[in-house]
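Q: sequence unknown, structure follows:
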C-alpha cells in the first residue's frame, strides 16, 4: 500500500507524511498490523503472555500452511504495542513471513524486546499509527488488516469514529481481540459489553470480526484462532470460521 492520503487527513491525522511509492515494493498477500494493548491495565505477566501467544501463533504449522499456500506465499506483519494517545511503539518492525525461518526470527524478537507503552487505551491513535506504518513500509499487500487487542474502550486521542471511517474508506479491515481483565471483567462504557463495544465502534471492513479472550488460560488459543481466521480470510478468502479452521488444519498437515 502507498500514498496514504495526507491531504484528506490534514486535520485529524496531520502528522502523517508519505514518501513517493517505490518501484521496489515487496508484494505479499496480506499486510497485518498486530496492535496489542500495552496500556497500564496490562501487567507485565499479561504482556508477556500476549507476546508469547502471538509468537506461538506465527510459528504454528497450520498458520504457516495458510501463508505458504497463498498467491505470493508470504505475508508481512508488524507488532505494535500501544497505550496513551502519545504512546504507540513498534516492538517488531514489518517482517515478511515466508516460512518457518522468518517466522522464528519474528517470534524470537517479539519475546525479548523491552516493554515501551504507557498510559491508557487510545484506540483511535493506534489505528492511525498502524495505518501510517503500512503506508511507508515498502510493502504492497493485496489486503491490509489492522488487528487491535484491548481490554477497554477508547480513551483520548482523536475521535475514534472519524479515524475508523477513514481507514474503512481506504479499504482496510479492522479486527479485534477483546481481552478480559484480570478479574474477568468484560464491560465497556455504560455497562455495554466490551465485545459489543468493539463490534459497534472499532471493527469494520471486509470480513471484520472480534474474538474474546476470556481468562489467561484461553488467551493463547484465542490468539491462534483469531490469526487463523484473519489469515485464511485475508489470503484465501474464506467466508466462515469453520471453513477457515478446516483449511488451516488441512494445510498444516503438509508442513
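A: Done, it's in. Quick caveat, the model's predicted, so the values are computed rather than measured. Residues are numbered from 1 along each chain as shown.
Q: can you pull the buried residues of the top helix by length along the chain?
A: When the chain is parsed with DSSP state H, its longest helix is helix 44-58. By 16 or more other C-beta atoms under 10 Å, the buried positions in helix 44-58 come out as 46, 47, 49, 50, 51, 52, 53, 54, 55, 56, 57, 58. Using the backbone N, CA and C atoms, a C-beta is placed for each residue, glycine as well.
Q: the strands in the stretch 101-250 of the chain, which residues?
A: Assigned by DSSP state E, counting those that start in this stretch, the strands in the stretch 101-250 of the chain fall at 139-150, 173-179, 210-213.
Q: By mean pLDDT, show me the worst of those strands.
A: In terms of average pLDDT, strand 210-213 trails the rest of those, at a mean of 90.
Q: shaky segments in this structure?
A: 1-23, 181-187, 216-217, 254-255 (pLDDT under 70).
Q: Residue 26 is in contact with residue 76, isn't it?
A: Yes - with contacts counted by C-beta atoms under 8 Å, residue 26 reaches residue 76, the gap being 7.2 Å.
Q: Mutual contacts of these two, please.
A: Common neighbours of residue 26 and residue 76 (criterion: C-beta atoms under 8 Å, 6 or more residues apart in numbering): 96, 139.
Q: where do the helices sit along this protein?
A: According to DSSP H, the helices that the chain contains are 44-58, 61-68, 100-112, 123-135, 160-169, 194-201, 219-231, 241-252.
Q: quick one: which of those helices is nearest residue 34?
A: For residue 34, the closest of the helices of the chain is helix 44-58, at 6.1 Å, according to C-beta to C-beta.
Q: for the closest one, packing partners?
A: Here helix 44-58 touches strand 26-37, strand 75-82, helix 100-112, helix 219-231, going by 3 or more C-beta pairs under 8 Å, 6 or more residues apart in numbering; DSSP states H and E.
Q: highest average neighbour count across the ones you listed?
A: Of all the helices and strands packed on helix 44-58, strand 75-82 has the most neighbours on average by mean count of other C-beta atoms under 10 Å, namely a mean of 26.
Q: List the contacts of the closest residue in space to residue 55 that isn't next to it in sequence.
A: The spatially closest residue to residue 55, leaving aside those adjacent along the chain, is residue 107, at 3.7 Å (C-beta to C-beta, 6 or more residues apart in numbering). Neighbour list for residue 107: 54, 55, 56, 58, 59 [criterion: C-beta under 8 Å, 6+ apart].
Q: Looking at those residues, which is nearest residue 87?
A: So of these, ranked by how close each gets to residue 87 (C-beta to C-beta), first place is residue 54, at 19.1 Å.
Q: State the distance from residue 48 to residue 113.
A: 11 Å (C-beta to C-beta, to the nearest Å).
Q: actually residue 97, not the one I typed
A: 17 Å.
Q: between these two, which one's more packed in?
A: Counted by other C-beta atoms under 10 Å, residue 97 and residue 113 do not tie: residue 97 has more neighbours, with 27 against 15.
Q: which ones are touching residue 121?
A: If a contact means C-beta under 8 Å, 6+ apart, then residue 121 has 37, 39, 41, 83, 84, 150, 151, 152, 153, 154, 155, 156 as its contacts.
Q: which among those end up buried?
A: Among those, the ones that count as buried by 16+ other C-beta under 10 Å are 37, 39, 41, 83, 84, 150, 151, 152, 153, 154, 155.
Q: closest to residue 167 among these?
A: Closest to residue 167, out of all of the buried ones among the contacts of residue 121 and judged by C-beta to C-beta, is residue 154, at 14.1 Å.
Q: among the buried residues of helix 44-58, which two are most distant?
A: Among the buried residues of helix 44-58, 46 and 58 lie farthest apart (C-beta to C-beta), at 19.1 Å.
Q: Return the distance of stretch 112-129 from the chain's centre.
A: 12 Å (C-alpha atoms, centre = their mean, to the nearest Å).
Q: buried set for that stretch?
A: So stretch 112-129, judged by 16+ other C-beta under 10 Å, has buried residues 117, 119, 120, 121, 122, 123, 124, 125, 126, 127, 128, 129.
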